[in-house]
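**Q** Generate coordinates for the sequence data below:
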Amino acid sequence: MIDVLLMFAGAASEAAHGGGHETVPLWQDTSAWVSLGFVLVVGLFAYLGVHKSISTALDQRSQLIADELDRAPRALRDEAQELLAKYQRRQREAEEEAQGIIEQAKKDAHNIAAEARQKIEEQLARRAKTAEDKIERAESQALAEVRNQTTDLLLTLRAK
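**A** From the prediction side, this is the model:
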């Protein structure tokens with residue numbers, strides 16, 4: 001293990017110094033110490049099982065997301081069914097209201113027709129009465145003229 005660390009430290013040192021031929025002792029090379037710290041932290045995490053707890057947490061989160069995705073279509077379907085029922089209810093109410101309006105319009109039309117018939121009958125009765133009155137006046141005038149002419153004729157005959 002130490003050989004591997006030394007090899008990493010040497011590679012890091014070469015990369016840090018541009019691959020030059022200058023050699024720096026290992027205890028003075030900062031990149032070697034950073035590499036050693038990194039390897040120790042990663043080793044400590046592996047020893048403590050951090051990768052397992054991260055994996056478990058990610059699996060749980062994945063399961064929560066999958067469950068939520070499974071529930072989403074059902075929730076959307078339920079919401080869609082509620083909306084459909086609501087719109088169907090509104091449609092029935094609108095149809096009932098329209099039917100009520102049609103029935104009221106029919107009643108109103110029937111009432112208007114009955115009133116019109118009554119007014120026409122009253123108007124015809126008034127016109128008939130007016131015509132009868134005119135006929136009676138004409139008869140009276142005709143009789144009065146005939147009487148006047150008869151009287152004039154009698155007076156003319158008596159005077160002769």
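**Q** Scan this structure for its longest helix.
**A** Longest helix of the chain, by residue count under DSSP state H: helix 50-159.
**Q** The helix or strand hosting V42 - contacts with which helices or strands?
**A** Using DSSP states H and E, V42 sits within helix 30-48. The helices and strands touching helix 30-48, judged by 3 or more CB pairs under 8 Å, 6 or more residues apart in numbering; DSSP states H and E, are helix 2-16. C-beta here means a position set from N, CA and C on the backbone, and glycine is covered the same way.
**Q** what number of residues lie near Q104?
**A** Around Q104 there are 10 other residues, counting by other CB atoms under 10 Å.
**Q** measure it to R137 for me?
**A** 48 Å (CB to CB, to the nearest Å).
**Q** same thing with R61?
**A** Distance from R61 to R137, by CB to CB: 110 Å.
**Q** repeat for G43
**A** Following CB to CB, the distance that separates G43 from R137 is 135 Å.
**Q** picking up where we left off before, what inclination does the longest helix of the chain have with respect to helix 30-48?
**A** 80 degrees (axes from the mean of the first three to the mean of the last three CA atoms, to 10 degrees).
**Q** Can you give the distance from helix 50-159 to the centre of its chain?
**A** 29 Å (CA atoms, centre = their mean, to the nearest Å).
**Q** Lowest-scoring secondary structure element of this structure by mean pLDDT?
**A** helix 2-16 (a mean of 60; mean pLDDT, DSSP states H and E).
**Q** what's D29 sitting at in phi/psi?
**A** D29 has phi and psi values of phi -80, psi 110 when expressed as degrees, to the nearest 10.
**Q** Quick check: pLDDT value at it.
**A** D29 is assigned 84 on the pLDDT scale.
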